[in-house]
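> For reference, the sequence and a predicted model appear below.
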Amino acid sequence: SPWHDLPLYPVTGGAAPLATRPLLINFVCEVPRGVTHKFEVQTRLPWNPIMQDRGPGGQPRHHTYGVPFFNYGMLPRTWEDPAKKSAGGYPGDNDPLDVIEIGARVCLVGEMITLKVLGGFELIDQSELDYKIIAIDVSDPLASQLDSAADLQVRLPGMLPQLTEWLKNYK
C-alpha cells in the first residue's frame, strides 16, 4: 500500500529524526504536473491502489480549473482524523495529508520521492479540514535556495498567489 507500507521519513543510515531542519518527507505522486486526470489513493480498497477518481455516476474525474503546474500527491502513513476538530470546529477529511510539489521535474503516478517541506495551506473543503503541504523535491536545483514559504516569494514570485488561486478554483 502506498499509504500504509511506505515510510513517511526518508531513512538515511538509521531511523530518521522526527524534528529535523529542514524537514524531509517522502511523497507519493498521485497527479503529475500537467495532467488533468484526478488520480488518488483509494483509501477504501485493499492495498490502497492509486486509481482515477470517479464522480457521481461513475464518471472519471478531471481537474477542470486549468492544468496543474505542480505534482500533487500524498504523504504515506498520515491521516486527517475526522474525530479531531480544527480550531474552527472542522473535522479532518479522512484522507492522507495532501502535498503540492513545486519542483521542475514531472513525477510519475505512484513514484515516491523525498521532499523538503516549505509550508502549507489549511483549507476547508466541503466542511472538512484539508491541509495542503507545499514542498520541493530535494534534488531540484532550487531546493537548496528554498527553506520556507517566505523564500518562495523571493525565488519564485507569484507562486503562492498562483497556488492559492488554483486551490480556490480547482473543484
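Thanks, I have the structure now.

> Relative to residue 78, how far out is residue 123?
Residue 123 sits 16 Å away from residue 78, going by C-beta to C-beta, to the nearest Å. From N, CA and C alone the C-beta is placed, and that goes for glycine too.

> And for residue 70?
19 Å.

> Of these two, which one has the most company?
Between residue 70 and residue 78, residue 70 has the larger neighbour count (other C-beta atoms under 10 Å), namely 22 against 16.

> What residues does the more buried one make contact with?
33, 100, 101, 102, 163 (C-beta atoms under 8 Å, 6 or more residues apart in numbering).

> could you redo the last one with a cut-off of 10 Å?
31-34, 99-103, 107, 134-136, 159, 162-163, 166 (C-beta atoms under 10 Å, 6 or more residues apart in numbering).

> Check whether residue 33 really touches residue 63, as I assumed.
No: applying C-beta atoms under 10 Å as the test, residue 33 and residue 63 come out as separate, 11.7 Å apart.

> Need the overlap of contacts for those two.
With C-beta under 10 Å, 6+ apart as the test, residue 33 and residue 63 both reach residue 72.

> just the helices in the chain please.
Assigned by DSSP state H, the helices in the chain fall at 149-155, 159-169.

> Please convert the ones you listed to TSV, extending it with mean neighbour count, distance to residue 54 and mean pLDDT.
Listed next are these as TSV, based on neighbours: other C-beta atoms under 10 Å; distance: least, C-beta to C-beta, whole Å; pLDDT from 0 to 100:
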stretch	mean neighbour count	distance to residue 54	mean pLDDT
helix 149-155	14	33	92
helix 159-169	14	21	90
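
> With distance to residue 58 as extra columns, can I get the ones you listed in TSV?
Listed next are those as TSV, based on distance: least, C-beta to C-beta, whole Å:
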stretch	distance to residue 58
helix 149-155	38
helix 159-169	25
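
> Select, out of those, the one closest to residue 129.
helix 159-169 (13.9 Å; C-beta to C-beta).

> and the closest one, what other elements does it pack with?
Applying 3 or more C-beta pairs under 10 Å, 6 or more residues apart in numbering; DSSP states H and E, one finds that helix 159-169 contacts strand 98-101, strand 112-125, strand 128-137, helix 149-155.

> Pick the most buried one from the ones you listed.
Mean neighbour count (mean count of other C-beta atoms under 10 Å) peaks for strand 98-101 among the helices and strands packed on helix 159-169, with a mean of 24.
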